[in-house]
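>>> Fold the following and give me the result.
(2 chains)
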2 protein chains.
Amino acid sequence: MTKRSVQHVTFTLERTYAASPAQVFAAWADPHAKRRWFADGDGDNSETLVYELDFRVGGRENGQFKYQGTKVLGNETIYLDIVPDRRIIFAYTMSIDEVRISASVGTVDLAPAGKGTRLIYTEQAAYLDGHDTPESREGGWNWLLDQLGADLRRADA
Amino acid sequence: MTKRSVQHVTFTLERTYAASPAQVFAAWADPHAKRRWFADGDGDNSETLVYELDFRVGGRENGQFKYQGTKVLGNETIYLDIVPDRRIIFAYTMSIDEVRISASVGTVDLAPAGKGTRLIYTEQAAYLDGHDTPESREGGWNWLLDQLGADLRRADA
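Numbers count the residues shown, from 1 in each chain, chains lettered A, B, ... in the order given. All right, here's what the predicted structure looks like:
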């Protein structure tokens, strides 16, 4: 029998991007843009098997990624709150080979900062049964927010 | 234009019930039982307009309540993780007259305690645009967990 446990953790990450709030918002809202930095980013040694995004309140996002050779990493998201160019809140679960490892609420807060945008990402997470750690998750989101920054710079070039 | 803000708060509540984990779990899983204590509880001065529960991972729950005479309180839930007799994790939003006031993840953790069950409820919440407060939400869940206790005692009688 699996030993059951839940670890509740909140973390916050911040970036400032040289792009408008509307441009940063679009990078989350547009399925092609989101896929580029979120699913198909460089250097994560994973392969995107499935990526679908229905970006509206109540809409879902589904990502399935092959990683470490044979495992399948799953990401299921539902959007809870959307304020255009300003705020996105979603709940999501992660799984490895269909074993759920976490359930989280993520808040993306966008505000103008000079000519750019300050993004604050807050994740309130429940890590399940010892399958994930706060350090690993925070590292993953740091990487993703850097991928988003690189994608915004490419779009600007 | 609405002033946008998000307040992130985590709180934890604990109860010990004189009922088995299977009985407490059933009070969350069975739509008729859940409706009794969650939607139709005594003394909350609200009227249940809609209550639907599809209790499975990915399933939804929808409650609409008339309160303060003319307002409609909305509760939309999606179930993220279910371990029978042990754990329930859900994401939910609350709204007043279709204005969203919060987005949360709730974890219900059940464990045997003597002949009864210890329930730990952890809510990781984002309160939106100043429309709700941690005190109000925590008070609401304290009330709900007492309603659950009363319902379990009635079932036992």
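
>>> send the alpha carbons of the helix or strand A:E135 falls within over as CSV?
Using DSSP states H and E, A:E135 sits within helix A:134-156. What follows is helix A:134-156, C-alpha atoms only, in CSV (Å, rounded to 0.1, in the frame of the first residue of the first chain):
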residue,chain,number,x,y,z
PRO,A,134,9.0,22.1,-3.9
GLU,A,135,12.6,22.6,-5.1
SER,A,136,12.0,20.6,-8.3
ARG,A,137,8.7,22.4,-9.1
GLU,A,138,10.1,25.9,-8.4
GLY,A,139,13.1,25.0,-10.6
GLY,A,140,10.7,23.9,-13.4
TRP,A,141,8.8,27.1,-13.3
ASN,A,142,12.0,29.2,-13.2
TRP,A,143,13.0,27.4,-16.4
LEU,A,144,9.6,27.9,-18.0
LEU,A,145,9.6,31.7,-17.2
ASP,A,146,13.0,31.9,-18.8
GLN,A,147,11.7,30.1,-21.8
LEU,A,148,8.9,32.6,-22.0
GLY,A,149,11.4,35.4,-21.9
ALA,A,150,13.4,33.9,-24.7
ASP,A,151,10.3,33.4,-26.8
LEU,A,152,9.2,37.1,-26.3
ARG,A,153,12.7,38.2,-27.3
ARG,A,154,12.6,36.1,-30.5
ALA,A,155,9.1,37.5,-31.3
ASP,A,156,10.5,41.0,-30.9
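
>>> For it, which helices and strands make contact with it?
strand A:6-17, helix A:21-29, strand A:116-128 (3 or more C-beta pairs under 8 Å, 6 or more residues apart in numbering or on different chains; DSSP states H and E). For glycine as for every other residue, the C-beta is placed from the backbone atoms N, C-alpha and C.

>>> List the buried residues in it.
A:134, A:137-138, A:144-145, A:147-149, A:151-152 (16 or more other C-beta atoms under 10 Å in any protein chain shown).

>>> Any chance of CSV for those residues, columns distance to B:K66 and pLDDT?
Below are those laid out as CSV (distance: C-beta to C-beta, whole Å; pLDDT from 0 to 100):
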residue, distance to B:K66, pLDDT
A:P134, 41, 85
A:R137, 40, 92
A:E138, 43, 95
A:L144, 42, 96
A:L145, 43, 97
A:Q147, 46, 96
A:L148, 43, 97
A:G149, 47, 97
A:D151, 46, 95
A:L152, 46, 96
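
>>> Near chain B, which residues of chain A are found?
A:4, A:6, A:8, A:10, A:58, A:76, A:78, A:80-81, A:83, A:86-87, A:89, A:91, A:93, A:100, A:103-105, A:107, A:109, A:122, A:124-126, A:128 (C-beta under 8 Å from any C-beta of the partner chain).

>>> Only the buried members of those residues: can you turn that into a ChimeraX selection?
Here is the ChimeraX selection string for the buried members of the residues of chain A next to chain B, based on 16+ other C-beta under 10 Å:
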select /A:6,8,76,78,80,81,83,87,89,91,93,100,103,104,105,107,109,122,124,125,126,128
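
>>> which residues make contact with the helix holding A:E135 from outside it?
With C-beta atoms under 8 Å, 6 or more residues apart in numbering or on different chains as the test, helix A:134-156 has contacts from A:7, A:9, A:11, A:13, A:15, A:17-19, A:23-24, A:27, A:33, A:36-38, A:41-42, A:44, A:102, A:104, A:119, A:121, A:123, A:125, A:127.

>>> ok and it relative to strand A:6-17, angle-wise?
Using axes from the mean of the first three to the mean of the last three C-alpha atoms, to 10 degrees, the inter-axis angle of helix A:134-156 relative to strand A:6-17 is 20 degrees.

>>> Just the angle for helix A:134-156 relative to helix A:21-29, thanks.
120 degrees.

>>> Need the winner for burial among the helices and strands packed on helix A:134-156.
strand A:116-128 (a mean of 21; mean count of other C-beta atoms under 10 Å in any protein chain shown).

>>> what's that one packed up against?
strand A:6-17, helix A:21-29, strand A:99-113, helix A:134-156, strand B:6-17, strand B:99-113, strand B:116-128.

>>> Tabulate the ones you listed (CSV), appending distance to A:K66.
Below are the helices and strands packed on strand A:116-128 laid out as CSV (distance: least, C-beta to C-beta, whole Å):
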stretch, distance to A:K66
strand A:6-17, 26
helix A:21-29, 24
strand A:99-113, 16
helix A:134-156, 16
strand B:6-17, 33
strand B:99-113, 28
strand B:116-128, 30
